[in-house]
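Engineer: Below are the sequence and a predicted model for it; my questions follow.
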Amino acid sequence: MNFWRPVPLLRLVFPFLSGIILGQVFKHPLPVLLFTSVLIVLNLLLILLHWFALSFKLRWMSGSVILAAFVVSGFYLSNVSSAGNTEEVPDFESKLVLLVRISDCPVLKKNCTAAVCDLFCIHDSGRWKPFNSKLYIRVYNSKNSGSPGMLNYGDYYLVYGRPEKLKFFTNSHSFNFREYLFSKGLRYELGSSPDLCYRLPGSHSMNVSRFAFSIRDRLLGILRQKGIAGQEFSVAAALLLGYVDDIDSRLKSAFAASGTMHILSVSGMHVGIIFMFLETALSFLAKFRKGIYLKSLIELLFIWAYAAVTGFSPAVLRAAASLGFLIIGKTIRRKPEMLNVISASVFFLLVMNPAILTDVGFQLSYLAVTGIVLMYKPIYDLYITHHWLPNKIWALVAVSIAAQIATLPLSLYYFHRFPNYFVISNLVIVPLSNGIILMGILALALSSLPFIGNLVIMALKLLLIGLNKSVMWIASLPGSVTSGFFPDVPEVVLLYLIIISAFLFFTVKQPKFLLLALSCLLMLEFHGLAIKSGGPSPQRLFIHQDSQGYVVRLVKGRREVCFYSGLRMMKDPFISTQVVNERMAGNVDIVQDRWINFKGWQKVCGFPRIGRFGNMMVTGDRRIFILDSPLGNTLKLKTHADILLICSVTGARIEKLKEIFNPAIILNVSTASRSRVLRWSDEARKYRILFYDLRSAGFYQEQF
């Protein structure tokens with residue numbers, strides 16, 4: 001039997017995906033005339049092949065022409081969608097008036113309201129100039145009112161300020177956040193205040209997203225009114241409505257360590273529960289003559305409305321599109337092949353937005369559902385039982401294993417760790433989360449009823465408490481997470497080839513697939529040896545900053561010396577995660593921790609001489625001046641510093657710092673106010689000095 005016959009869309013999706021990937025890699029725009037000409041030539045060639053009725057042995061020629069057309073189409077669409085996402089981002093030398101529109105749901109933070117907005121035009125030199133980009137804006141607390149200015153989704157604003165390029169450094173062994181933001185079109189950030197941010201009256205438009213976000217805010221208000229607060233509220237908001245901004249870092253870490261982070265993002269499981277709920281509630285409509293059409297229409301409307309309320313995340317789009325095709329097939333009395341449905345949803349979403357292919361949620365969501373479709377039945381058949389409870393437990397375990405195998409290489413590539421107790425977590429957390437979703441739907445629907453509504457809310461609270469305590473308990477177990485996995489792209493590809501070959505060997509029972517799996521395993525080993533036997537590593541400098549202080553790290557080969565500004569920094573979880581990841585990825589096995597306030601030359605094995613004399617730290621040919629106190633008016637001595645580290649709030653101007661130190665780079669790790677940091681940044685730009693505020697840049701790194 002021909003494998004491709006029941007899934008014709010699957011063999012069309014692969015060349016289309018290949019074209020999109022080629023377009024994202026090479027980024028050479030394809031002119032419309034050339035694209036049209038290529039498609040016309042391919043169509044004429046296809047017509048000629050059918051006209052001459054080639055023999056059956058040459059049928060591959062027409063198929064090759066069709067595949068080539070899909071590759072070219074994918075390449076063209078990829079270039080069209082990323083036409084404005086170029087790496088060249090112009091600098092703004094002075095403050096301007098900007099016309100922006102809030103394009104994402106604003107987030108209310110501790111001291112500001114933040115949102116992503118579309119930048120349409122700028123007012124410069126007395127006239128408006130079009131400017132197409134995205135801007136991350138923060139409106140900070142007003143000194144008079146003490147509350148941040150409100151931003152409303154879909155509204156237009158005139159904002160006065162100087163947009164700055166997004167300045168941050170991406171750890172080579174961590175998720176490439178810079179690449180992610182660039183794929184979203186985000187280029188600039190801007191800090192403002194309510195008096196510099198003017199909302200244009202009557203400027204908003206009532207579109208679908210604005211209406212959906214207003215409904216979500218009302219539903220969140222119902223949960224708050226019913227007394228759901230704290231971690232219970234943050235989990236309920238994430239599970240039911242996709243609102244994840246209130247989840248604290250401790251709870252996120254616990255979900256990640258237990259392997260149930262996917263629970264917090266609205267995905268196919270949530271949409272599937274909504275679908276099953278609607279199927280049960282609307283089953284009576286199937287008894288009427290045309291009732292099945294009305295039932296299908298209501299289900300489609302509710303599913304896509306729920307996708308809108310939860311923010312149209314890639315996982316929800318995948319589930320909504322797939323379920324939509326399934327509902328349509330069921331309505332016209334067809335039983336579609338699941339791989340064909342998945343392929344149709346992939347094709348639909350990529351045609352709408354080819355850039356969604358780079359989204360991590362999109363990739364993991366489709367890999368998980370494909371793994372479940374292909375591997376669930378073979379895994380489930382390994383253990384057959386006729387008892388109801390063991391059968392349900394094993395079915396859930398089989399689903400968890402299938403999804404975990406399918407997403408394993410990509411999860412290790414992005415997150416560098418593996419949850420060891422994912423089977424236990426899914427056995428406990430998934431049923432609880434399903435109960436929370438169903439109970440949450442009832443709670444929101446029956447909230448106006450005094451007695452029944454209160455009972456449902458009480459049951460919802462108990463389920464939320466049970467879920468959070470279970471997650472915390474699993475995350476606290478010894479060995480809950482294995483860290484230190486840092487595969488590169490070739491290793492990810494080889495891992496997937498091993499998984500596919502092993503799966504085909506166990507299902508088809510052909511030795512050639514076992515040989516392919518062993519060959520890929522051997523190539524994986526040789527690749528790892530080639531990386532380890534590379535040339536000597538250059539010396540690297542890292543400077544990390546958090547609310548507790550800063551850390552200066554020097555790394556050379558497998559050795560590292562780490563200078564901390566205080567004891568709290570050594571215990572800071574944010575800093576320790578960055579440091580530990582870098583150490584494991586670089587195979588660093590000799591580490592020395594020291595305080596930053598040492599004096600004189602230090603003997604550090606494997607490094608050139610490292611010393612500190614006064615406030616000047618010297619390592620090799622790099623000189624770092626640590627400005628941890630205000631400059632005195634009597635300081636006349638001039639000295640050169642490659643890097644000036646501002647550690648405390650100082651009144652000195654950049655002009656004076658340049659005159660004394662003439663630095664090439666200035667790094668701010670102090671708690672200076674936002675306005676002071678912006679003034680330093682403007683002055684540094686004037687004197688052509690690189691300035692980085694590590695609160696927004698994350699950390700600084702260089703090699704020498």
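Structural biologist: Nice, I can see it.

Engineer: Pull the number of nearby residues for Tyr550.
Structural biologist: 24 (other CB atoms under 10 Å). For glycine as for every other residue, the C-beta is placed from the backbone atoms N, C-alpha and C.

Engineer: So it belongs to a helix, correct?
Structural biologist: No. Tyr550: not assigned to a helix; according to DSSP: H, G, I helix; E, B strand; the rest coil it is strand.

Engineer: quick one: contacts for it?
Structural biologist: Tyr550 is in contact with 543-544, 565, 569, 596, 645, 647, 669, 694, counting by CB atoms under 8 Å, 6 or more residues apart in numbering.

Engineer: In JSON lines, list these along with neighbour count, pLDDT and distance to Arg679.
Structural biologist: Shown next, in JSON lines, are those (neighbours: other CB atoms under 10 Å; pLDDT from 0 to 100; distance: CB to CB, whole Å):
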{"residue": "Ile543", "neighbour count": "22", "pLDDT": "86", "distance to Arg679": "22"}
{"residue": "His544", "neighbour count": "25", "pLDDT": "81", "distance to Arg679": "24"}
{"residue": "Ser565", "neighbour count": "20", "pLDDT": "80", "distance to Arg679": "24"}
{"residue": "Met569", "neighbour count": "23", "pLDDT": "58", "distance to Arg679": "27"}
{"residue": "Ile596", "neighbour count": "20", "pLDDT": "82", "distance to Arg679": "27"}
{"residue": "Leu645", "neighbour count": "26", "pLDDT": "89", "distance to Arg679": "18"}
{"residue": "Cys647", "neighbour count": "20", "pLDDT": "85", "distance to Arg679": "18"}
{"residue": "Val669", "neighbour count": "27", "pLDDT": "85", "distance to Arg679": "17"}
{"residue": "Leu694", "neighbour count": "22", "pLDDT": "81", "distance to Arg679": "17"}
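
Engineer: which ones among the residues you listed are found in strands?
Structural biologist: 543-544, 645 (DSSP state E).

Engineer: and which of the residues you listed is nearest Pro478?
Structural biologist: Of all those, His544 has the smallest distance to Pro478: 28.1 Å, by CB to CB.

Engineer: does that closest one really touch Phe563, like I thought?
Structural biologist: No. With contact defined as CB atoms under 8 Å, His544 does not count as touching Phe563 (10.9 Å).

Engineer: separation between Pro130 and His123?
Structural biologist: Going from Pro130 to His123 by CB to CB, to the nearest Å gives 11 Å.

Engineer: Specify which residue of these two has the higher count of neighbours.
Structural biologist: Using other CB under 10 Å, the more surrounded residue of Pro130 and His123 is His123, with 14 against 9.

Engineer: Could you tell me the phi and psi values at the more buried one?
Structural biologist: Dihedral pair for His123: phi -100, psi 110, per degrees, to the nearest 10.

Engineer: The residue nearest to it when sequence neighbours are not counted: which element?
Structural biologist: Of all residues not flanking His123 in the chain, Val97 sits nearest, at 3.9 Å (CB to CB, 6 or more residues apart in numbering). Here Val97 sits within strand 96-102, counting by DSSP states H and E.

Engineer: what separates the next helix or strand after that strand from the chain centre, distance-wise?
Structural biologist: The element immediately downstream of strand 96-102 (helix or strand, assigned by DSSP H and E) is strand 107-108. Offset of strand 107-108 from its chain centre (CA atoms, centre = their mean, to the nearest Å): 18 Å.

Engineer: List the contacts of strand 107-108.
Structural biologist: With CB under 8 Å, 6+ apart, strand 107-108 has contacts from 113-115, 148, 245.

Engineer: same deal with stretch 249-264?
Structural biologist: Contacts of stretch 249-264 (CB under 8 Å, 6+ apart): 231, 234-235, 238-239, 244, 247, 269, 364, 368, 404, 415, 417, 419, 421-422, 425-426, 429-430, 433, 468, 471-472, 474-475, 480-481, 573-574.

Engineer: how close does Ala199 sit to Asp155?
Structural biologist: Slight slip there: residue 199 is Arg, not Ala. Arg199 is 6 Å from Asp155, by CB to CB.

Engineer: And the residue nearest to Ser425 when sequence neighbours are not counted, its phi and psi?
Structural biologist: Among residues not flanking Ser425 along the chain, Ser258 sits closest, at 4.3 Å (CB to CB, 6+ apart). Backbone geometry at Ser258, expressed as degrees, to the nearest 10, gives phi -90, psi 0.
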